[in-house]
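Chemist: Okay, sequence plus prediction incoming.
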Amino acid sequence: MIDLELSESELDAHRDHITDFIEEKVTEAGTESAVLGLSGGIDSTLTAYLTVEALGTEGLHGLVMPGAVSREDNMSDAEWVAQELGISYDVFEINPIVDEFLNAYSEAEGDQMAVGNARARTRAVMNYLVANHQGSLVLGTGNRTEALVGYFTKYGDGAVDCHPIGNLYKQQVRQLARHVGVPDELAEKEATAGLWAGQTDEEELGIDYDTLDAVLALHVDGPLSASATARQVDGVSEEDVSRIGSMFARSEHKRAVPPAPESL
Ligand SMILES: Nc1ncnc2c1ncn2[C@@H]1O[C@H](COP(=O)(O)OP(=O)(O)OC[C@H]2O[C@@H]([n+]3cccc(C(=O)O)c3)[C@H](O)[C@@H]2O)[C@@H](O)[C@H]1O
Ligand SMILES: Nc1ncnc2c1ncn2[C@@H]1O[C@H](COP(=O)(O)OP(=O)(O)OP(=O)(O)O)[C@@H](O)[C@H]1O
Ligand SMILES: [Mg+2]
């Protein structure tokens with residue numbers, strides 16, 4: 001397996017680079033504050049820790065948004081993060097809102113993906129409702145791994161003003177989280193999008209994050225062919241690498257500005 005582990009000095013450099021980025025984006029927008037969805041997962045937890053370093057406790061407002069399939073322990077971890085950091089936060093129950101969407105379009109009921117994505121988009125609407133009212137930016141929590149394979153809801157958790165940890169692979173997110181003082185229990189927690197009951201990222205993606213990170217670093221970000229990558233990464237076949245390559249290609253539209261025809 002290729003080693004993506006960051007040294008202590010690299011971790012310090014990332015910490016400074018990301019906190020500078022947050023400060024810069026917020027200042028450029030003419031504000032001093034940001035809002036962020038807190039899920040109890042490591043991406044939002046690390047983003048919250050770094051934002052408080054960048055903007056102070058007054059600069060971040062958290063939104064904890066339980067829904068029908070949210071796990072209690074994740075929601076209590078989300079509130080713990082807000083309290084530990086000393087930031088203000090709201091708790092919004094999204095279930096009645098999502099139910100209204102399904103009342104309006106009952107054909108989608110039972111469609112796990114469509115309904116799960118509607119949950120993510122409902123949270124996006126709440127983020128912007130609060131950000132508009134408070135004059136704040138909406139911070140995203142996407143990491144490089146998710147961005148490259150398109151593992152996010154278009155205009156759901158992808159609907160944000162910037163992604164402070166967007167240059168870190170998933171395993172580096174965990175590493176930086178431990179480095180800045182996030183408790184191990186949160187840093188090591190299994191990743192879940194929380195869109196339907198029992199969902200885990202690794203099960204849905206069909207690959208563990210360390211392996212996925214390695215394939216992306218060598219084959220998508222790096223120059224290696226599918227077969228050379230398969231030779232470098234334990235337990236991965238050339239077909240697995242090609243599958244990840246096509247996830248990258250098929251999700252291009254999620255990383256792009258929506259296209260329009262060229263001017264005549
Ligand atoms: N080629 C193309 N060019 C332009 N647009 C294209 C397109 N193909 C699809 N589309 C559009 O994109 C839509 C599909 O994209 P989307 O609605 O995002 O839906 P989709 O990619 O099918 O599903 C979202 C995925 O992200 C995962 N997720 C979501 C949220 C959070 C997390 C997490 O890590 O926590 C993970 C989720 O579990 C699922 O696997 C289509 O309905 C269509 O509107
Ligand atoms: N119940 C929730 N309440 C508030 N925000 C949420 C909730 N569920 C998801 N989000 C937002 O959507 C983002 C994307 O979810 P994602 O699962 O990728 O990240 P995470 O939960 O922070 O970390 P992990 O991937 O390790 O679970 C979260 O970081 C958070 O900002
Ligand atoms: Mg999560």
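Modeler: Perfect, thanks for sending it. Residues are numbered from 1 along each chain as shown. Ligands and ions are numbered 1, 2, ... in the order given.

Chemist: what ranges do the helices span in the stretch 51-200 of the chain?
Modeler: Assigned by DSSP state H, counting those that start in this stretch, the stretch 51-200 of the chain shows helices spanning 72-85, 95-104, 112-134, 144-149, 170-179, 184-187.

Chemist: Out of the ones you listed, flag the one nearest residue 232.
Modeler: Go through these one by one with CB to CB and the one that ends up closest to residue 232 is helix 170-179, at 16.2 Å. C-betas here are computed from N, CA, C, even on glycine.

Chemist: For the closest one, which helices and strands make contact with it?
Modeler: Under the contact criterion of 3 or more CB pairs under 8 Å, 6 or more residues apart in numbering; DSSP states H and E, helix 170-179 touches helix 8-28, helix 42-55, helix 144-149, helix 184-187, helix 209-215.

Chemist: how about the most centrally placed residue in the chain, phi and psi?
Modeler: In the chain, the centroid-proximal residue (CA atoms, centre = their mean) is residue 142; its distance is 3.1 Å. Torsion angles at residue 142 (phi, psi; degrees, to the nearest 10) stand at phi -70, psi 140.

Chemist: Settle this for me: it is touching residue 162, isn't it.
Modeler: No - using CB atoms under 8 Å, residue 142 makes no contact with residue 162, being 9.7 Å away.

Chemist: can you list the residues of this protein near ligand 3?
Modeler: 39, 41, 192 (CB under 5 Å from the ion).

Chemist: Make TSV out of those and add distance to residue 95, pLDDT and neighbour count.
Modeler: Formatted as TSV, the residues of the chain next to ligand 3 follow (distance: CB to CB, whole Å; pLDDT from 0 to 100; neighbours: other CB atoms under 10 Å):
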residue	distance to residue 95	pLDDT	neighbour count
39	15	98	26
41	19	98	23
192	18	97	21
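
Chemist: show me where pLDDT drops low in this structure?
Modeler: Scanning the chain with the threshold set as pLDDT under 70 gives 1.

Chemist: Which part of it gets nearest to ligand 3, residue-wise?
Modeler: Residue of the chain nearest ligand 3, by CB to the ion: residue 41 (3.1 Å).

Chemist: Quick check: the gap between residue 71 and ligand 2.
Modeler: In this view, residue 71 and ligand 2 are 9 Å apart by CB to the nearest ligand atom, to the nearest Å.

Chemist: Now for the closest residue in space to residue 51 that isn't next to it in sequence, how many residues are close by?
Modeler: In space, residue 51 comes closest to residue 60 once its chain neighbours are excluded; the distance is 4.7 Å by CB to CB, 6 or more residues apart in numbering. Applying other CB atoms under 10 Å, we find 29 residues neighbouring residue 60.

Chemist: hey, what's residue 60 bridged with?
Modeler: Applying DSSP bridges to residue 60 gives these bridge partners: residue 34.

Chemist: So which bits of the stretch 51-200 of the chain are right by ligand 1?
Modeler: Listed as neighbours of ligand 1 in the stretch 51-200 of the chain under the rule CB under 6 Å from any ligand atom: 113, 117, 120, 146, 150-154, 156-157, 193, 195.

Chemist: ok, which pair from those is furthest apart?
Modeler: Spatially, the most separated pair among those is 113 and 146, at 16.3 Å (CB to CB).

Chemist: Neighbour count for these two, which is higher?
Modeler: The residue with more neighbours, out of residue 113 and residue 146 and counting by other CB under 10 Å, is residue 146; that gives 27 against 11.
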